[in-house]
Structure formats: C-alpha cells, structure tokens
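Colleague: Need coordinates for the following:
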Amino acid sequence: MACLHDHSCEEHDCSSDWSLYKHIDLTKVRALNEAVTGSVKSVFKAWEQRLNFPEALLESNEGDPELIVFIPFTSDVKIKSISIVGGSDGTSPVKMRAFINKDGIDFSDANSMQPVQEWDLVENLQGLMEYQTRYSRFQSVGNITLHFPDNFGGDSTQIYYIGLKGEATQLKRDAVANIVYELMPNPSDHKARADTGGGLSRVE
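Modeller: Just a heads-up that it's a prediction; the model follows:
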C-alpha cells in the first residue's frame, strides 16, 4: 500500500520524528551489484534532505538492474513505511522485496526465498510516495534487506534516497548482546564460589 503526500505533513506521521535514519548503522550498510563500491551509504540521509541529490547515488552495474541493499540498525526498530526515490529515464526500481533479520542474503537467496512483503513501485522522483508495511510483520527488526529485482527499462537501476519510518527501542543491540552474555551461567565461576563457601553448587 502506498501513501501519497497530498496532505499536511504536520497532521500526519510524515515528519523527521518518525525517521529511522539516525538508527541505521551506516558503517555496516552494504549493497550487492553497486557500480561504485560504498556508494549505497549516500542514499541514507535525513528526511528533510531526501531531495538534495548530490553527485553520489546508488547505481547498479550497467546492463544488470538488480540490486540488494542490506540495512542494519543500532537498536531494534519497528518499521511503518519505506520511501524510495529513484532515477529518471526508466532507471527507477519497479519492485521492492523485503527480508527481515537475515544476514548475508545474495541474489540466489533473494530470488528463491519468500519475502516478508513486496511492493510494486512507481517512479517517485519527487519523494511523494511512501510504501506502508504490514506493520505487525515489521516488529523487532535488527536488520532489513531490500531486493530490487528490476527497473522500468533503463540500462541500470538508480536510487537517490531510501527512507524508513517507524519507532526504535531504547535498548541498543550491543547492550542486548551483553545482557544475554551475562545471563548465561559460567560453570567455572559457580564452582569457584561453591568451593569458597558461597552457597552455590556447580551447574551441570
């Protein structure tokens, strides 16, 4: 489902308050089949800057329009909508498929796996369209992989902006990992305490 911005954004969830940009771990964002290595990082920016098109953009290799974009977050998020601003002259992506919490997806995986959701896209040159998620399926998202299998007939696929809106938890992902680690009992620690009269027995 797409949302057209023909309303007052002050009365809807269109402001940067809902942007997940600041929760994206940009250092770990990556793309497959990008013509310029690392260029994928340039398409993530603040919502207000979505139409500021620098020379840098994400573009697929010529003659091969398929792209995969891996987006990790610094904390678990809930994703409400996704916005894609593509290029002109048939270079905008025509379809988007999303996979959640799966690392290392390649083109073979993307084409054989069932996505959590997929959308038919329009040429959104002015950034006026947002694609609503099936919100209940986009909870506790640690990372999302977006697969763009084709475009509108151009020699390559061009993307200038990827925007995600939703909510983030307050708990950072590295903090979650530390909590899980601390909750795992260390048998050697327990044995040492039992030997010194600490009242703890060895965990078998």
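
Colleague: Can you classify Glu55 by secondary structure?
Modeller: Following DSSP: H, G, I helix; E, B strand; the rest coil, the label given to Glu55 is coil.

Colleague: if I look at it, how far off is Asp150?
Modeller: 25 Å (Cβ to Cβ, to the nearest Å). All C-beta spots, glycine's among them, are computed from the backbone N, C-alpha and C.

Colleague: just Ser108 next, same as before
Modeller: The value you get for Ser108 to Asp150, if Cβ to Cβ is used, is 16 Å.

Colleague: Neighbour count for the two, which is higher?
Modeller: Legend: neighbour count by other Cβ atoms under 10 Å for Ser108 and Asp150, higher for Asp150 (13 against 8).

Colleague: Test my guess that the more buried one contacts Glu66.
Modeller: Yes: here Asp150 reaches Glu66: they are 7.0 Å apart, a contact under Cβ atoms under 8 Å.

Colleague: Overlap in contacts, the two.
Modeller: Thr157 (Cβ atoms under 8 Å, 6 or more residues apart in numbering).

Colleague: and the longest strand along the chain, what other elements does it pack with?
Modeller: As assigned by DSSP state E, the longest strand anywhere in the chain is strand 67-86. Helices and strands touching strand 67-86, by 3 or more Cβ pairs under 8 Å, 6 or more residues apart in numbering; DSSP states H and E, are strand 30-32, strand 95-100, strand 129-132, strand 141-148, strand 158-172, helix 173-183.

Colleague: For the last one, the averaged confidence score.
Modeller: Along helix 173-183, the predicted local confidence has a mean pLDDT of 50.

Colleague: Could you shift the numbering so residue one becomes 50, and keep it that way?
Modeller: All set: I'll call the first residue 50, so the last point we hit is now helix 222-232.

Colleague: residues in contact with Gly87?
Modeller: So Gly87 contacts nothing (Cβ under 8 Å, 6+ apart).
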